[in-house]
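Q: sharing a model that was predicted from the sequence below.
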Amino acid sequence: MLNGLTFPVTPSVLIVDDILSNLELVEAVLTGEGYRVLKATNGRDAINIYEQEQPDIAVLDIMMPDIDGYQLCQILKDMAGKRYFPIVLLTALNDKESRIKGIECGADDFISKPFEPRAFLAKLKSLLRIKFLYDELDHSENIILTLAVALEARDPYTRGHSTRVGDLSRKFAEYIGLSSYDQDMIRKAGLLHDIGKIGLSESLLMKPARLTEEEHDVIKRHPIIGEEICRPLNSLQFILPAIRHHHERWDGKGFPDGLKGEEIPLYARILAIVDSFDAMLSERPYRKGLSFSEVLDIFVKERDYGQWDPVLVGNFIDMLRVLGEDYMINSRYTFSLES
């Protein structure tokens, strides 16, 4: 607990300043509040410390030789990637241009020199609360993603299916011009589209013969179960419709809700196409997988017969022809394509 605030671990703060007296002043304020402090007097040492220690937040002086605070901020943000790593710039510069430059480099906040300790600590605690909230959401989401992979690992016929559907859905989303955000979301939806099967019996999922009507009705509940599993996480709210509706059909004969045409969410329409593509390529207990050319022929013949969005299927066929069988064989579909 830090001055009444509880964090899951003791936060570690990387402070970087080439003037030792400034470094010691910031260190004294932070250690007095119970923070774990990591120190560097130049950018290169700071980068090494970040790689080794993975601190929770950084406080960077701007005016430093060799690598200044702006450059270091950009470097550390790039190293953090999608991980949220807050950075505060400590500066004697108060002009608008300096702050704009800091924002462009990814800085989350600014502290002016000389700083007032209470205001400084308040800003750090606010950013750390946000950082640990992001970490908690990422952890919960990763648990569900791990469950999805573990679910398929028990069945040699579906192992890797959701990963392939996620990756190829992202590729397709990129091909039709969707945003980077949409591409990331559709990949996540692909990874989780069959998570609901975790609620079904293994004997049913691995049955070597075709399913009875009653058994098929049980299987048809997996999109609803998947939606229920993912609903508690706010970070997954945007992909819930894709998980629930990836087995709907363009002609309204799908499940679970019998949606028709553009009533079906876009992500779900994309998943329906890619899911079918991978399923047809893959071997199953009751049949062998088809070749790339055979699957492509099926999509060409069936594009206007009601299962899939015909415009999207046309785009998908175009993409497959552009990528070609060699791309599929040399990337993620080696396991199932037969030359």
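A: Arrived safely.

Q: where are the low-confidence patches of the stretch 1-150 of the chain?
A: Judged by pLDDT under 70, the stretch 1-150 of the chain has its weakly predicted residues at 1-8, 93, 95, 136-141, 146-147, 149-150.

Q: please enumerate the strands of it.
A: Using DSSP state E, counting those that start in this stretch, the strands of the stretch 1-150 of the chain run over residues 12-16, 36-40, 57-61, 87-91, 109-112.

Q: what does the last one contact?
A: The contact list for strand 109-112, computed with CB atoms under 8 Å, 6 or more residues apart in numbering, reads 59, 86, 88-92, 94, 99, 102, 119-120, 123, 127. (Each C-beta comes from the backbone N, C-alpha and C, glycine too.)

Q: drop anything exposed from those.
A: Buried by 16 or more other CB atoms under 10 Å: 59, 86, 88-91, 102, 120, 123, 127, out of the contacts of strand 109-112.

Q: nearest to G226, of the residues you listed?
A: For the buried ones among the contacts of strand 109-112, the minimum distance to G226 (CB to CB) is 33.5 Å, reached by P86.

Q: check contacts around the closest one.
A: P86 is in contact with 56-58, 108-109, 127-128, 130-131, counting by CB under 8 Å, 6+ apart.

Q: as a markdown table, the contacts of strand 109-112 with distance to E227 would be great.
A: Output for the contacts of strand 109-112, formatted as a markdown table (distance: CB to CB, whole Å):
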| residue | distance to E227 |
| --- | --- |
| V59 | 43 |
| P86 | 33 |
| V88 | 40 |
| L89 | 43 |
| L90 | 46 |
| T91 | 48 |
| A92 | 53 |
| N94 | 51 |
| R99 | 44 |
| G102 | 42 |
| A119 | 45 |
| F120 | 45 |
| K123 | 39 |
| L127 | 34 |
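
Q: quick one: which of the contacts of P86 is the most crowded by neighbours?
A: A58 (28 neighbours; other CB atoms under 10 Å).

Q: so how many other residues sit close to the closest residue to that one other than its chain neighbours?
A: In space, and not counting its chain neighbours, A58 is closest to L14: 4.2 Å by CB to CB, 6 or more residues apart in numbering. When neighbours are counted by other CB under 10 Å, L14 registers 23.

Q: go on, the one 4 residues further on?
A: Residue neighbour count, defined by other CB under 10 Å, stands at 16 for D18.

Q: mind listing what it touches?
A: Neighbouring residues of D18 by CB under 8 Å, 6+ apart: 41-42, 61, 64-65.

Q: now the buried members of those residues.
A: 41, 61, 64.

Q: quick revisit: closest to S162 among the contacts of P86?
A: After measuring these against S162 - CB to CB - the closest member comes out as K131, at 29.5 Å.

Q: wait, that closest one sits on D56?
A: Yes - K131 lies in contact with D56 (CB atoms under 8 Å); the separation is 5.9 Å.

Q: shared neighbours of those two, anything?
A: Each of 85-86 lies in contact with both K131 and D56 under the rule CB under 8 Å, 6+ apart.

Q: got the domain boundaries for the protein?
A: 12-134, 154-330 (automatic domain parsing).

Q: now these as TSV including distance to A148?
A: Output for the domains of the chain, formatted as TSV (distance: least, CB to CB, whole Å):
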stretch	distance to A148
domain 12-134	19
domain 154-330	5
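
Q: of all those, which one comes closest to I143?
A: It is, among the domains of the chain and with distance given as CB to CB, domain 154-330, at 9.5 Å.

Q: let me know the average pLDDT across that closest one.
A: Average pLDDT, domain 154-330: 87.

Q: run the chain-centre distance for that domain.
A: Mean-position distance between domain 154-330 and its chain equals 18 Å (CA atoms, centre = their mean, to the nearest Å).

Q: use 35 as the first number for this chain going forward.
A: With the count now opening at 35, the last piece we talked about shows up as domain 188-364.

Q: how many neighbours does V60 have?
A: Other residues within reach of V60, judged by other CB under 10 Å, total 22.

Q: how about it, what does it touch?
A: V60 neighbours (CB under 8 Å, 6+ apart): 49, 51, 93, 124.

Q: just checking, the third one touches C107?
A: No - the criterion here is CB under 8 Å, and V93 misses it with C107 at 10.7 Å.
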